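# Show me how the following folds:
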Amino acid sequence: MSKYRAQNMPKLHSPFVRELDENENYVVKDEVNEGYGWVFEDDSVMAVEKLDGTNVSIIIEDGEIVEVWNRMNRIPFFSKQGAFIMKGLINSYSKGYMDDLEDGQHFGELVGPSPKWNENKYDLDQRLWIPFSTYCQNKLVYHSWGKYPKTYGSISIWFKEDLIPLFYAKKHRIKYDRAKEVGYVEGVVFTHPDGRMAKLRKDMFPFFYEDE
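Numbering: from 1, shown residues only. As a prediction, the model looks like this:
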């Protein structure tokens, strides 16, 4: 038993108020959610690409992975149901994605081909576990955040027309303009240095349902 007690990944909320539209779609509107003004007011906030995968966390103790969790379900190291998760962790370890992780619990997304789901949204040839605190916050940051007005209207346009699939572009070694044409991007996680987080997905905006 690890000395670190496993925690569930905190539920992330939208910085904009959400409501049902006339078609019963739960979308954001031009109103800041109470307590989320920091997203738009603090220049230290980072906008990081939100990966769409399976939430998996690991606990490291004395430099070794001692526990693996899917939400609050502990995954045995040797089990049929958890084999695809372990394979993703091994692949990421071999790529050095865990090199900078200290002792403690670390959250990430398991992406790529899976025996449980047919979707492989990033067109990967192997499963990978992508840690949020290192890989995502170091390599998947939108430096364009803050260069435009932080208003509902401008953010909606950013999501609709200019949100680059950073992860897809890096994994397939293609230019951003090309990635926008062929790659997948779900949305953004806003992170504050003090640990606060919020999220926005494309499917939270009314434009996502315009062709329905």
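# what about residue 148, is that helix, strand or coil?
coil (DSSP: H, G, I helix; E, B strand; the rest coil).
# Which pLDDT does the model give it?
pLDDT, residue 148: 78.
# doesn't residue 21 make contact with residue 204?
No - in this structure residue 204 lies outside contact range of residue 21 using CB atoms under 8 Å: 11.3 Å. Bear in mind the C-beta positions are built from the backbone N, C-alpha and C, glycine included.
# what residue ranges in this structure score low on pLDDT?
Applying pLDDT under 70 to the chain flags the ranges 1, 115-118, 212.
# How about the contacts made by the residue nearest the centre of it?
Centroid check for the chain by CA atoms, centre = their mean gives residue 50 as the closest residue, at 2.8 Å. Taking CB atoms under 8 Å, 6 or more residues apart in numbering, we find residue 50 in contact with 186-189, 199, 201.
# out of those residues, which are inside strands?
Counting by DSSP state E, the contacts of residue 50 place 187-189, 199, 201 in strands.
# biggest separation within those residues, which pair?
189 and 201 (9.8 Å; CB to CB).
# quick one, domains of this protein?
16-51+141-209, 54-138 (automatic domain parsing).
# what's the closest of these to residue 2?
That would be domain 54-138 among the domains of the chain, by CB to CB, at 4.9 Å.
# any idea how far the closest one is from the chain center?
Chain-centre distance of domain 54-138: 13 Å, with CA atoms, centre = their mean, to the nearest Å.
# No more questions from me, cheers.
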